[in-house]
Structures are given as C-alpha cells and as structure tokens.
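S.K.: need a 3D model of the sequence below.
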Amino acid sequence: MHTTDRTIPLNHPDCFYIDGKWTPASSTETFEVLDCSTERVAARVARADAATATRAVDAARRAFDHGPWPRMTPGERAVYLEKIAQRVESANDEFARGWSIESGILQRIAKPRIGQFLGAAFRQYAGMAATYPFVESHRSVTGHQAYSVKEPVGVVLAIVPWNGPAALLAYKVAPALLAGCTVVVKPSPEAPTSAYLFAQICDEVGLPPGVVNVVTADRDVSEMLVRNPNVDKITFTGSTAAGRSISAAAAGRIARVTLELGGKSAALVLDDYDIGAAAQTLGSSYFSYLTGQVCHSLTRIIVPRAKHNAMVEALSEAARKMVLGDPFDDDTTVGPLATARQRDTVEQYVAKGIAEGATLAAGGARPLHLSRGFYFEPTVFGNVDNRSTIAQEEIFGPVLSVIAADSEAHAIELANDSIFGLNAVVFTPDTQRALNVARQLRTGSVGHNASRTDFSIGFGGFKQSGMGREGGVEGLNAFVESKTIVLDQPLA
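M.R.: Numbers count the residues shown, from 1 in each chain. Down below sits the predicted model:
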C-alpha cells in the first residue's frame with residue numbers, strides 16, 4: 001500500500017533525553033531529516049552542542065557511580081529489558097516507517113526486520129541474565145576460595161549509523177544495560193528517529209535517571225565525546241576511516257572500543273554450482289535490501305573464469321528487472337539511497353570503475369524517470385581487476401563487481417586480498433567443500449549458498465573490518481571487565 005503521509009511524528013524533537021528527562025535544546029539549531037525518496041523534510045531534531053553532550057555524559061557518569069543500576073542484580077536489570085522488548089515490539093511499525101523514510105529500505109522488508117532484530121536483541125540479553133557467568137567460583141593455586149566476576153565496564157558511548165539505526169542501537173544498548181553499564185546514544189543526524197523513539201520507550205518503562213541518554217550531534221561533538229575522560233567504552237558502527245580515528249583517540253587514554261566497520265565481502269561461486277541460481281540469490285536480494293547500503297554486502301562476485309560472462313549476464317538481467325521507486329510501494333524492488341552525498345559517492349565510484357577498465361554491463365546512472373529522490377540504478381561490472389578501486393574500496397551502494405578466478409585456490413586468494421574481512425559466502429552443493437573453503441577465508445562470517453550473518457551468535461570482522469563482536473555472548477563480553485577475587489578464608 002502506498003502511503004501519502006511522509007512525516008515522522010516525534011514527541012520531543014526539540015529536546016534531548018538526558019538524566020531521565022526531556023531537556024530542551026540550548027539553541028534553535030536543528031538537523032533536517034530528509035525523506036530520501038522525495039527529498040522533502042520529514043522531521044527536524046535538535047542539534048546538540050558540546051556543552052549539552054557533556055551534560056549527557058555527566059548524567060551517565062553519575063548514574064553509574066552513584067545510581068542503582070550497576071548495583072542491581074542481572075535479573076533485576078533483565079526485567080527492564082523485557083519491558084523494553086515489549087514496547088519496541090508494539091512500536092514496530094513506527095520504527096520501520098522511520099527507517100524507510102530515512103534510509104530507503106523497502107517497507108515490506110523493514111517491518112519484519114525490526115521485529116527480528118530490535119525486540120529480539122532485548123529479549124535475548126534479558127534471557128542471558130540467568131545463563132551468563134557473572135560470578136564463577138574457583139579454587140586458587142594456593143588453595144584459597146576465589147571468584148571470577150564480571151562487572152560493567154562503565155559509561156558507554158554508543159555511536160549508531162544511519163543505515164540500520166534501530167537494530168544496531170539494540171545490539172549496542174541491550175548488552176550494555178544487562179551488564180550494568182550506563183549509556184549515551186549518539187545517533188546519526190541523517191537517521192535519528194529510532195533513537196528518539198527508543199528514548200521515549202526508556203522513559204515509559206521507568207529506567208533510572210541517567211541510565212540511557214540520547215543526543216544527536218555532528219562530527220565535531222562526536223569527536224569530543226570520544227575523547228571525554230568520563231566515557232569508559234566506545235561502541236561504534238560506521239566507516240573504517242572513522243573507526244581508525246576513534247581507535248586512535250581511544251588509545252590515548254586506553255578507553256575500551258568495539259568497532260564494526262566497513263566491508264568488501266566476497267561471494268565465491270565454485271565450479272560445481274549453478275550460475276543462474278547463484279545470480280538469483282546474489283542479484284535481487286542485494287539490490288533490494290537497503291539498496292546495497294550494508295556493510296556485509298557481497299559486492300565481489302568471484303567465479304570460475306569460464307563462467308565469468310554467464311554470471312555478468314545473469315546479474316545484469318536481474319539488475320534490469322528491478323523496479324526503482326517509493327519504498328512504501330509494494331511494486332518497488334529497489335528504493336533510494338539514503339542521502340544525496342551517498343548517491344554522489346556511488347556515481348564517483350562507477351566513473352572510476354569505467355576509467356580503470358572494468359566493463360559496465362548494467363545500470364551506472366540515475367534513473368531518468370525519477371526526478372526526485374536519491375535513486376541510482378542497480379549496477380553490474382564485469383572484467384573487474386581485484387586490485388582495482390571498485391574491488392578494494394567500500395562503495396555502499398547498488399554496485400556489484402564480477403571477478404574471474406583460475407581455480408578454487410585462486411578464488412580464496414582473491415577473496416582474502418582485501419584490507420577488509422567482514423563477510424563471505426561459498427556457493428557449492430558440497431557441504432564439506434564449503435566448510436573447507438570457509439575455514440580458509442579471513443572473514444568474521446561465512447555463509448553457505450547465501451549470506452547467513454547472525455547477530456544472535458556474534459557479528460564482526462577481521463582486519464580493518466573492525467575490533468570485537470556484537471551480538472551473542474561475545475557481544476556481552478564487550479561490556480564487562482573481569483575481576484579475580486581471592487579470599488583469605490572461605491565465606492561463612
């Protein structure tokens with residue numbers, strides 16, 4: 001169904017959520033949130049200055065040092081996580097609607113994905129209150145009673161990107177809260193509405209003051225937050241370039257970091273797999289899901305040299321069949337990119353691909369029939385050199401590169417020849433062969449015959465795709481410090 005109401009209603013867009021209260025902005029400066037399919041303003045939210053952001057950190061610091069939250073039992077904190085899960089599930093359509101307007105994801109994809117990730121994350125971590133080893137008893141080497149305990153890392157700065165704001169917020173905030181941390185959420189100015197909706201829910205469920213704080217700010221204030229000595233841990237999802245800067249700033253004061261960064265993920269189609277079936281899996285799903293604006297997208301398609309042309313044609317056919325349009329329209333199969341800046345970036349990469357000798361087989365331009373919105377045609381390149389710019393740098397848009405390999409070993413070598421190592425897929429009907437190849441790939445996730453990333457187990461990358469993991473038990477480990485306590489005498 002097509003929707004004509006393209007505004008994003010927020011209860012307190014001119015405020016920040018700090019210390020358990022909606023705090024009016026100290027200036028009239030705002031961020032305009034654009035509907036990426038129409039280029040019209042869908043919302044305006046307050047822009048935090050340095051002083052406001054510092055107040056948010058100070059509130060989180062007080063809540064951690066003096067408030068009840070870190071002193072509750074994990075089970076007591078889990079009760080709040082369950083309440084949050086219930087509320088976010090009831091607000092599923094509001095989160096999904098904002099996601100489509102801000103980032104361009106198809107509404108029919110957004111609705112189930114919000115439920116799959118947002119509420120599920122809080123429920124999963126609530127359940128871990130009873131299973132995670134917060135306290136383990138040991139006998140020390142000297143024979144004394146000892147304990148290994150997990151304690152919260154402290155004040156967490158959660159920097160959330162624009163492409164999947166609700167889900168990525170959840171997998172940062174839910175484990176941090178269960179661990180006993182307090183949090184400052186810094187959403188992207190391009191997509192702040194999920195954070196505002198989440199703050200409303202935190203207010204409704206009665207989280208103690210200062211446990212969750214939300215401020216939307218630009219890069220200069222974000223950099224100040226990263227350097228704030230009252231921030232103990234930074235969890236960031238975004239570009240590798242920004243991750244390098246955050247890592248360098250955090251290293252100066254030994255702040256803890258989790259970085260989920262860029263990718264240039266490879267799909268290895270082995271010689272025993274049907275090209276048409278692989279192309280169907282890789283083409284339509286890639287172009288449809290967030291128009292390729294996904295860090296773990298499979299953008300390098302590595303195929304046997306003899307099947308290169310067939311793969312290029314099959315992917316090009318899939319690209320030409322895609323229907324660009326309004327993400328709320330059921331007939332649409334590809335939505336817009338999130339911003340004009342992102343569309344410009346994709347255009348520049350396409351031009352560079354052509355200049356460096358790759359063959360443009362499909363797409364490569366703005367669609368002529370859509371005069372408004374940040375649209376770009378699904379694009380396929382053939383004859384791509386694995387060392388070329390479009391094969392080595394993250395484009396973050398609807399662009400696929402087909403690369404020819406001379407053997408299975410060569411395909412693995414090509415896949416690993418990247419500064420990134422986030423995701424991969426191995427296409428083969430032979431399960432044992434898939435497992436053997438997967439173990440040779442330097443990536444944080446590997447799927448068999450489809451992309452199968454799983455935040456419930458753990459997600460993250462090798463090399464410059466990041467540090468640490470989000471989701472699962474490892475995602476909780478990221479928000480605790482381990483302490484060893486050895487008693488002189490047993491407890492009575």
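S.K.: residues contacting Leu400?
M.R.: For Leu400, the contacting residues are Leu282, Gly283, Tyr286, Thr299, Ile301, Leu315, Ala319, Thr379, Val380, Phe381, by Cβ atoms under 8 Å, 6 or more residues apart in numbering. C-beta here means a position set from N, CA and C on the backbone, and glycine is covered the same way.
S.K.: wait, the second one sits on Ala319?
M.R.: Which is Gly283. Yes - counting by Cβ atoms under 8 Å, Gly283 touches Ala319, with 6.4 Å between them.
S.K.: list the residues that contact both of the two?
M.R.: Contact with both Gly283 and Ala319 is made by residues Pro378, Leu400, according to Cβ under 8 Å, 6+ apart.
S.K.: can you tell me the centre-most residue of this protein?
M.R.: A centroid search over the chain (Cα atoms, centre = their mean) returns Leu168, at 4.7 Å, as the residue closest to the centre.
S.K.: that one is in what secondary structure piece?
M.R.: Using DSSP states H and E, the element containing Leu168 is helix 165-179.
S.K.: for that helix, output the C-alpha coordinates as PDB.
M.R.: Written as PDB, here are the backbone C-alpha positions of helix 165-179 (Å, rounded to 0.1, in the frame of the first residue of the first chain):
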ATOM      1  CA  PRO A 165      19.800   2.500  13.200                       C
ATOM      2  CA  ALA A 166      17.200   0.600  15.300                       C
ATOM      3  CA  ALA A 167      18.800  -2.900  15.100                       C
ATOM      4  CA  LEU A 168      22.400  -1.600  15.600                       C
ATOM      5  CA  LEU A 169      21.300   0.500  18.500                       C
ATOM      6  CA  ALA A 170      19.700  -2.600  20.100                       C
ATOM      7  CA  TYR A 171      22.800  -4.700  19.800                       C
ATOM      8  CA  LYS A 172      24.900  -2.000  21.500                       C
ATOM      9  CA  VAL A 173      22.500  -0.900  24.200                       C
ATOM     10  CA  ALA A 174      20.800  -4.200  25.200                       C
ATOM     11  CA  PRO A 175      24.100  -6.000  26.300                       C
ATOM     12  CA  ALA A 176      25.400  -2.800  27.900                       C
ATOM     13  CA  LEU A 177      22.300  -2.400  30.000                       C
ATOM     14  CA  LEU A 178      22.300  -6.100  31.100                       C
ATOM     15  CA  ALA A 179      26.000  -5.700  32.100                       C
END
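S.K.: got the residue ranges for the strands in the stretch 1-150 of the chain?
M.R.: Listed from the start of the chain, the stretch 1-150 of the chain has strands (DSSP state E, counting those that start in this stretch) covering 15-18, 21-24, 30-34, 41-46, 135-139, 145-152.
S.K.: take the ones you listed and lay them out in TSV including mean pLDDT and distance to Ala85.
M.R.: As requested, the strands of the stretch 1-150 of the chain are exported to TSV (pLDDT from 0 to 100; distance: least, Cβ to Cβ, whole Å):
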stretch	mean pLDDT	distance to Ala85
strand 15-18	98	19
strand 21-24	96	23
strand 30-34	96	26
strand 41-46	96	25
strand 135-139	96	25
strand 145-152	98	20
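S.K.: Throw those into TSV and include mean neighbour count and distance to Leu360, thanks.
M.R.: As requested, the strands of the stretch 1-150 of the chain are arranged in TSV below (neighbours: other Cβ atoms under 10 Å; distance: least, Cβ to Cβ, whole Å):
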stretch	mean neighbour count	distance to Leu360
strand 15-18	23	46
strand 21-24	16	50
strand 30-34	19	29
strand 41-46	20	33
strand 135-139	11	58
strand 145-152	16	52
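S.K.: out of these, flag the one nearest Glu393.
M.R.: Ranking the strands of the stretch 1-150 of the chain by distance to Glu393, with Cβ to Cβ as the measure, places strand 30-34 first at 25.6 Å.
S.K.: pairing partners for the closest one, with directions?
M.R.: Using DSSP bridges, the strands paired with strand 30-34 are strand 41-46 (antiparallel).
S.K.: run through who's touching the partner strand.
M.R.: Contact partners of strand 41-46, identified using Cβ under 8 Å, 6+ apart, comprise 6-8, 10, 13-16, 25, 29-35, 101-102, 189, 192-193, 196, 216.
S.K.: circling back: nearest to Ala241, out of the strands of the stretch 1-150 of the chain?
M.R.: Distances from Ala241 to each of the strands of the stretch 1-150 of the chain were compared using Cβ to Cβ; the minimum, 21.6 Å, belongs to strand 30-34.
S.K.: any low-confidence regions in the protein?
M.R.: Counting by pLDDT under 70, the chain has low-confidence residues at 1-5.
S.K.: try it again with 50
M.R.: When residues are selected by pLDDT under 50, those of the chain lie in 1-3.
S.K.: for Ile457, which non-adjacent residue is closest in space?
M.R.: Spatial nearest neighbour of Ile457, chain neighbours left out: Gly472 (4.8 Å); criterion: Cβ to Cβ, 6 or more residues apart in numbering.
S.K.: what's the spacing between the one you found and Arg256?
M.R.: With the distance defined as Cβ to Cβ, to the nearest Å, Gly472 ends up 18 Å from Arg256.
S.K.: the stretch 351-492 of the chain: helices as residue ranges?
M.R.: When secondary structure is read from DSSP state H, counting those that start in this stretch, the stretch 351-492 of the chain shows helices at 389-392, 408-416, 431-438, 472-477.
S.K.: now these in CSV, with mean neighbour count and distance to Gln200?
M.R.: Compiled in CSV, those are given as follows (neighbours: other Cβ under 10 Å; distance: least, Cβ to Cβ, whole Å):
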stretch, mean neighbour count, distance to Gln200
helix 389-392, 20, 42
helix 408-416, 19, 44
helix 431-438, 15, 42
helix 472-477, 19, 24
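S.K.: nearest to Phe455, out of these?
M.R.: Comparing the helices of the stretch 351-492 of the chain against Phe455 with Cβ to Cβ, the closest turns out to be helix 472-477 (7.2 Å).
S.K.: so what's Ser222 up against?
M.R.: Contact analysis of Ser222 by Cβ under 8 Å, 6+ apart lists Ile159, Lys186.
S.K.: kindly indicate whether the nearest residue to Ala249 once chain neighbours are set aside is helix, strand or coil.
M.R.: The spatial neighbour of Ala249 that comes closest, neighbours along the chain excluded (Cβ to Cβ, 6+ apart), is Val226 at 4.9 Å. Here Val226 takes the helix state, with states given by DSSP: H, G, I helix; E, B strand; the rest coil.
S.K.: what about Val226, neighbour count?
M.R.: Residues near Val226, counting by other Cβ atoms under 10 Å, number 23.
S.K.: I'd say it and Ala250 touch.
M.R.: Yes - using Cβ under 8 Å, Val226 is in contact with Ala250, at 6.6 Å.
S.K.: shared neighbours, these two?
M.R.: When contacts are counted by Cβ under 8 Å, 6+ apart, the set common to Val226 and Ala250 consists of Ile234.
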